[in-house]
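Asks: this is a predicted model, with the sequence first.
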Amino acid sequence: MAKTKKYKTPGNPNWSDYHIQPAVPGKSKNKLLAIKVDENLLANLKSMDGWQDKVRAKLEELLQEEQATASTEKHPTGGGAGVVVK
């Protein structure tokens, strides 16, 4: 006896009803960042509620600070231009 298919296409036809929606539309978290930390730091992080979101927020903060620092280093403002202090 031959098997008959129940559906035309494989998979869940209503998949969009069940998949996880991103908290911020257009900014899904689908990339993985792996870093090595010591055992105590990892245990302390995991004991915090919502530690993943807190770490993401701190990384965003760090990137903004670095970008601000980089932009001021490229374009210094005034402060005695042309004067050499020894």
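Replies: Perfect, I can see it now. Numbering: from 1, shown residues only.
Asks: what's Q67 sitting at in phi/psi?
Replies: The phi/psi pair for Q67 (degrees, to the nearest 10) reads phi -70, psi -40.
Asks: and it, how far is that from K31?
Replies: Distance of Q67 to K31, given as C-beta to C-beta, to the nearest Å: 19 Å. Yep, even glycine has a C-beta here, placed from its N, CA and C like the rest.
Asks: could you do W51 as well?
Replies: 18 Å.
Asks: Q67 and K31 - which one has more neighbours?
Replies: Neighbours per residue, other C-beta atoms under 10 Å: of Q67 and K31, the larger number sits with Q67, 10 against 5.
Asks: near D17, how many other residues are there?
Replies: 7.
Asks: please begin residue numbering at 51 from this point
Replies: From this message on, residue numbering opens at 51, which makes the last subject D67.
Asks: now do the helices in this structure.
Replies: Under the criterion DSSP state H, helices of the chain are mapped to 89-97, 101-124.
Asks: nearest residue to the most centrally placed residue in the chain other than its sequence neighbours?
Replies: The centre of the chain sits closest to R106, judged by C-alpha atoms, centre = their mean, with a distance of 5.2 Å. In this structure, R106 finds its nearest non-sequential neighbour in K79, 7.7 Å apart by C-beta to C-beta, 6 or more residues apart in numbering.
Asks: so how far is Y68 from that neighbour?
Replies: 18 Å.
Asks: ok, E115 next?
Replies: Distance from E115 to Y68, by C-beta to C-beta: 39 Å.
Asks: do the same with A118
Replies: 41 Å.
Asks: more crowded one of those two?
Replies: Higher neighbour count among A118 and Y68: A118, with 10 against 7, using other C-beta under 10 Å.
Asks: show me what the mean pLDDT comes to for stretch 105-112.
Replies: The average pLDDT within stretch 105-112 is 93.
Asks: which parts of that stretch are buried?
Replies: Across stretch 105-112, burial judged by 16 or more other C-beta atoms under 10 Å covers no residue at all.
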